[in-house]
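# Build me a model:
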Amino acid sequence: MAFVEDESPPPSDTALARTWKFSRRMIEPVVTEVRVKRAVLSSSASVCQLCTVLQAGSTVGSLETTQMELRGDRTAFLGKSSETGVWNLVPEKRMLEMEFELNEDESTYLLYQAKLGKGRYYRSSVRFEEDGKIFLVKGLPLPWNKKLVGNFRVSPTATPVPTVSMKVS
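Numbering: from 1, shown residues only. As a prediction, the model looks like this:
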């Protein structure tokens with residue numbers, strides 16, 4: 001009689017949709033682009049055109065420990081930095097992917113990828129096996145369009161210990 005090890009089920013959306021502790025370390029800074037519409041006076045003073053101008057926006061830098069919220073509607077929020085993106089679970093690869101847009105035209109974005117492991121105590125729980133990677137993606141997420149720009153770490157938030165009052169009224 002052979003012993004067969006029980007294979008754990010793939011992670012589920014409900015195991016990930018909650019608040020996590022999050023930190024990131026950028027290897028190189030990434031600057032967002034902001035499109036600003038400006039009125040430009042042409043050579044003939046009577047014609048005024050509305051032009052779209054690209055300006056350098058804020059820089060995406062490292063974050064110390066903050067909270068990351070993965071909601072059930074697939075939106076992701078990173079702490080107080082007001083970064084909003086979308087998250088996706090890839091069950092075949094046991095991987096979490098998050099995308100945060102950098103441009104208004106959605107051509108450039110940050111792709112966060114992290115491998116998931118099975119939980120230690122419950123079969124349906126999820127844990128992050130190792131640090132995730134942050135890629136700068138221009139266009140489709142093909143290997144030649146991705147550039148590694150940082151790492152991130154995710155861990156569960158601490159659960160408060162319940163207190164019991166032993167006072168007798």
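# after the worst-scoring helix or strand of the chain on mean pLDDT, next one along is what?
Using mean pLDDT, DSSP states H and E, strand 48-60 stands out as the lowest-scoring helix or strand of the chain, at a mean of 49. Using DSSP states H and E, the helix or strand that follows strand 48-60 in sequence is strand 63-70.
# What residues sit buried inside that following strand?
The neighbour-count criterion (16 or more other CB atoms under 10 Å) identifies 63, 68, 70 as the buried residues of strand 63-70. For glycine as for every other residue, the C-beta is placed from the backbone atoms N, C-alpha and C.
# in this structure, what spans have low per-residue confidence?
1-10, 32-59, 61, 81, 104-105, 123-124, 159-169 (pLDDT under 70).
# Strands along that one, start to end?
Secondary structure of the chain (DSSP state E): strands located at 19-26, 30-41, 48-60, 63-70, 75-78, 83-90, 95-101, 108-118, 126-128, 132-138, 146-156.
# got those strands as TSV, with distance to residue 12 columns?
Below are the strands of the chain laid out as TSV (distance: least, CB to CB, whole Å):
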stretch	distance to residue 12
strand 19-26	15
strand 30-41	32
strand 48-60	30
strand 63-70	12
strand 75-78	17
strand 83-90	8
strand 95-101	12
strand 108-118	11
strand 126-128	8
strand 132-138	19
strand 146-156	16
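# The ones you listed: which one's closest to residue 13?
Distance to residue 13, taken as CB to CB, is lowest for strand 83-90 among the strands of the chain, at 5.7 Å.
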